[in-house]
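**Q** Just a sequence and a predicted model for now, questions to come.
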Amino acid sequence: MKNFADLMGKAKEAQERFKKMQETVAKTEVEGVSGGGMVKILMNCKGEIKKIDIDDSLMAQTEKTVLEDLLIAAFNDARHKSEDVYARELDDIKGSMNLPF
């Protein structure tokens, strides 16, 4: 039964670390960039967009569809970065606990 108690202890510790990791990741912000820095989106790792910054020169020289494409590219860049942060945090938890998953 000692192995089961150890496993339950590790599971509780993993649950606590996972909750803390979620809180940390939720506060972490990433910036997605496209168009050589002309479009920037700041978002947290929960996927909430905090700010969009469009260079003034872009508004004067581009069409609506180009701007929309750049916004999509910047959002996707930020989303991929937030997924990387989440994956790294989760890997740290799993690696340090020697759990069988």
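**A** Received it, and whenever you're ready, just let me know what you need.

**Q** Could you double-check that residue 54 lies in contact with residue 38?
**A** Yes - if you go by CB atoms under 8 Å, residue 54 and residue 38 touch, sitting 7.1 Å apart. Bear in mind the C-beta positions are built from the backbone N, C-alpha and C, glycine included.

**Q** What ranges does the protein have for its helices?
**A** With DSSP state H as the criterion, the chain has helices at 2-27, 56-61, 64-97.

**Q** Highest mean neighbour count out of those?
**A** Ranked by mean neighbour count, those are led by helix 64-97 with a mean of 15 (mean count of other CB atoms under 10 Å).

**Q** thinking again about what came up before, what's the least confident stretch among the helices of the chain?
**A** Looking at the helices of the chain, the lowest mean pLDDT belongs to helix 56-61 (a mean of 76).

**Q** okay, stretch 40-57 in CSV with CA atoms only?
**A** These are the backbone C-alpha positions of stretch 40-57, laid out as CSV (Å, rounded to 0.1, in the frame of the first residue of the first chain):
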residue,chain,number,x,y,z
LYS,A,40,1.5,43.5,-33.3
ILE,A,41,-1.0,41.7,-31.1
LEU,A,42,-0.4,41.4,-27.3
MET,A,43,-2.3,38.5,-25.7
ASN,A,44,-2.2,36.4,-22.6
CYS,A,45,-1.7,32.7,-22.7
LYS,A,46,-5.4,32.2,-22.1
GLY,A,47,-5.9,33.5,-25.6
GLU,A,48,-7.3,36.9,-24.6
ILE,A,49,-6.1,39.7,-26.9
LYS,A,50,-4.9,42.7,-24.8
LYS,A,51,-3.7,45.1,-27.4
ILE,A,52,-3.5,45.5,-31.2
ASP,A,53,-0.9,47.9,-32.6
ILE,A,54,-1.0,48.8,-36.3
ASP,A,55,1.7,51.0,-37.8
ASP,A,56,0.3,54.3,-39.2
SER,A,57,2.1,53.8,-42.5
